[in-house]
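Novice: Below is the sequence, then the predicted model.
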Amino acid sequence: MRRVTDVERRHRLARRHALAPGHRAADPETATRAMTVLHATEAPSVYLSLWARVDGLTVAEVDRALYDDRTLVKQLAMRRTLFVFPRDLLPAAWGSASARVARAIGTRLAKEVEQAGLTDDGAAWLAAAEAATEAHLADGAELSAQEIREAVPELAGRLDLSPGKSYGANVPVAPRVLTQLGVEGRIVRGRNGGHWRTARPQWTSMSSWLGSVPEPLKEREGYAELVRRWLVTFGPGTEADLVWWLGGTKTAVRAALADVGAVEVELEDGRPAHLHADDLEVEAAVEPWAALLPVLDPTVMGWKERDFHLGPHAPMLFDTNGNAGTTAWWDGRIVGCWVQDPDGVVVLNLLEDVGAEGRAALGLEAARLTTWLEGHRVSTVYPSIAMKQALSS
């Protein structure tokens, strides 16, 4: 059985994730394909994930791919997370991971509107609200959530979520309906109404945005395509890694692994994992490299079991819900994080000694990122302990 060491896994991600110098991607589309999808929960992460993988990248190039050429499209999918997908991968998600999420949140929303007293039949109410919203966007209009809410009477109303709890909230129902339509692939987050560092999506119909909308793949076919691409990007990975990343079931993952002809290999600690059948060659070594990655970068979030690149640093770099803050990488391992000072200068917080070569390489990356950000400060709702420490020092 093919054995893949931790060192080889780090060499693989250096090349496949377009992070090592000499292996970076040519453009935003190529970089996104290299990662299968990009995390888009926070708007700046899309730009910063691409900056780390495309030499000379500009904000305009990312905007072109997202909003002009529309070769990259935002879609809610695995684990109820917003991602940027290569356009051709959307049908796979619509038929599998997105459909799974749509069923779950649609059922929940139907119950919530009944509990709020908006209707006695939540499913019928949701269907009517979705139809009215789609009709309002049918002419290709691109509108903010507030504009849609004001124009569509069916979206009036508020929900009391977790009443009596400290985390309870009274929220408008309109954004929940937009989310439901989005995960179903019927509408899409189009142009951003604000700066690239903020998320102010203009919603529009998927058919208007793409011109033509392909049919979703069947569920099993969709999962197989997602798993195939994941193996190319992140392999070798365990069954547990895939179940977590897909937000799916063991049954779905095992079927997909069989459908794509995945090959079982052995990790350094003896655990079984999987590689794509066309990707079994031993990976050559890569020269030491440095990288600064943003909150929720796909390289950090690609596996459930991350010890081979994360080591003992999870408590300092992830919040209690498993959300990764910024990370600093040296030679294929996470060694700390980065923040910006009040002037926008990128500052490192290293959690281990990386030696003079590592410190110098990371310093160059920090200076490069400082220059690219042009004084713009990037905020996050997922600061790690290490980030908080750096900001308070």
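Specialist: Everything's here; your move.

Novice: For residue 298, see how far away the residue nearest to residue 34 when sequence neighbours are not counted is.
Specialist: What sits nearest to residue 34 in space, not counting adjacent residues and going by C-beta to C-beta, 6 or more residues apart in numbering, is residue 18, at 4.9 Å. Bear in mind the C-beta positions are built from the backbone N, C-alpha and C, glycine included. Separation of residue 18 from residue 298 (C-beta to C-beta, to the nearest Å) stands at 11 Å.

Novice: so the residue nearest to residue 34 makes contact with residue 24?
Specialist: Yes: the pair residue 18 / residue 24 is scored as a contact, 5.0 Å apart, by C-beta atoms under 8 Å.

Novice: now the helices for the stretch 201-350 of the chain?
Specialist: Here the stretch 201-350 of the chain has its helices, by DSSP state H, counting those that start in this stretch, at 206-210, 219-234, 239-246, 250-259, 298-301, 307-310, 314-317.

Novice: Redo those as TSV? Include distance to residue 326 and mean neighbour count.
Specialist: Formatted as TSV, the helices of the stretch 201-350 of the chain follow (distance: least, C-beta to C-beta, whole Å; neighbours: other C-beta atoms under 10 Å):
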stretch	distance to residue 326	mean neighbour count
helix 206-210	31	18
helix 219-234	20	22
helix 239-246	21	20
helix 250-259	30	17
helix 298-301	9	23
helix 307-310	14	18
helix 314-317	8	17
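
Novice: Next up, the contacts around the residue nearest to residue 34.
Specialist: Shown in contact with residue 18 (C-beta atoms under 8 Å, 6 or more residues apart in numbering): 24-25, 30-31, 34-35, 53-54.

Novice: ok, so of these, who is nearest residue 379?
Specialist: Set against residue 379, the nearest of the contacts of residue 18 by C-beta to C-beta is residue 53 (22.3 Å).

Novice: what residues are shared contacts of residue 18 and residue 298?
Specialist: Jointly contacting residue 18 and residue 298 under the rule C-beta under 8 Å, 6+ apart are residue 35.

Novice: Just the pLDDT for residue 393.
Specialist: pLDDT, residue 393: 78.

Novice: So which residues make contact with stretch 349-368?
Specialist: With C-beta under 8 Å, 6+ apart as the test, stretch 349-368 has contacts from 288-292, 313, 316-317, 328, 330-331, 335-339, 346-348, 386-387, 389-390.

Novice: C-alpha coordinates for that stretch, CSV please?
Specialist: What follows is stretch 349-368 as a C-alpha-only set of coordinates in CSV (Å, rounded to 0.1, in the frame of the first residue of the first chain):
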residue,chain,number,x,y,z
ASN,A,349,2.6,36.7,15.8
LEU,A,350,4.7,33.6,15.5
LEU,A,351,4.0,30.8,17.9
GLU,A,352,7.3,28.9,17.4
ASP,A,353,10.8,29.6,16.4
VAL,A,354,11.2,29.3,12.6
GLY,A,355,14.8,30.4,12.4
ALA,A,356,16.4,33.3,10.6
GLU,A,357,15.4,32.1,7.2
GLY,A,358,11.8,31.6,8.1
ARG,A,359,11.5,35.0,9.9
ALA,A,360,13.0,36.7,6.9
ALA,A,361,10.7,35.0,4.4
LEU,A,362,7.6,35.7,6.5
GLY,A,363,8.8,39.3,6.9
LEU,A,364,8.9,39.7,3.2
GLU,A,365,5.4,38.3,2.9
ALA,A,366,4.2,40.7,5.6
ALA,A,367,5.7,43.7,3.7
ARG,A,368,4.2,42.5,0.4
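
Novice: That stretch: how far from the chain's middle?
Specialist: Here the centre of stretch 349-368 is set off from its chain's centre by 26 Å, with C-alpha atoms, centre = their mean, to the nearest Å.

Novice: now do stretch 132-146
Specialist: Using C-alpha atoms, centre = their mean, the distance from the centre of stretch 132-146 to the centre of the chain it belongs to is 25 Å.

Novice: Without its sequence neighbours, what residue ends up closest to residue 173?
Specialist: Residue 173 sits nearest to residue 157 (C-beta to C-beta, 6+ apart), 4.7 Å away.

Novice: these two touch, right, residue 383 and residue 391?
Specialist: Yes: Residue 383 lies in contact with residue 391 (C-beta under 8 Å); the separation is 7.4 Å.

Novice: quick one, which of those two is more surrounded?
Specialist: residue 383 (19 against 14; other C-beta atoms under 10 Å).

Novice: The more buried one falls within a helix, correct?
Specialist: No: judged by DSSP: H, G, I helix; E, B strand; the rest coil, residue 383 forms no part of a helix; its state is coil.

Novice: Look up how far residue 329 lies from it.
Specialist: Taking C-beta to C-beta as the measure, residue 383 and residue 329 are separated by 19 Å.
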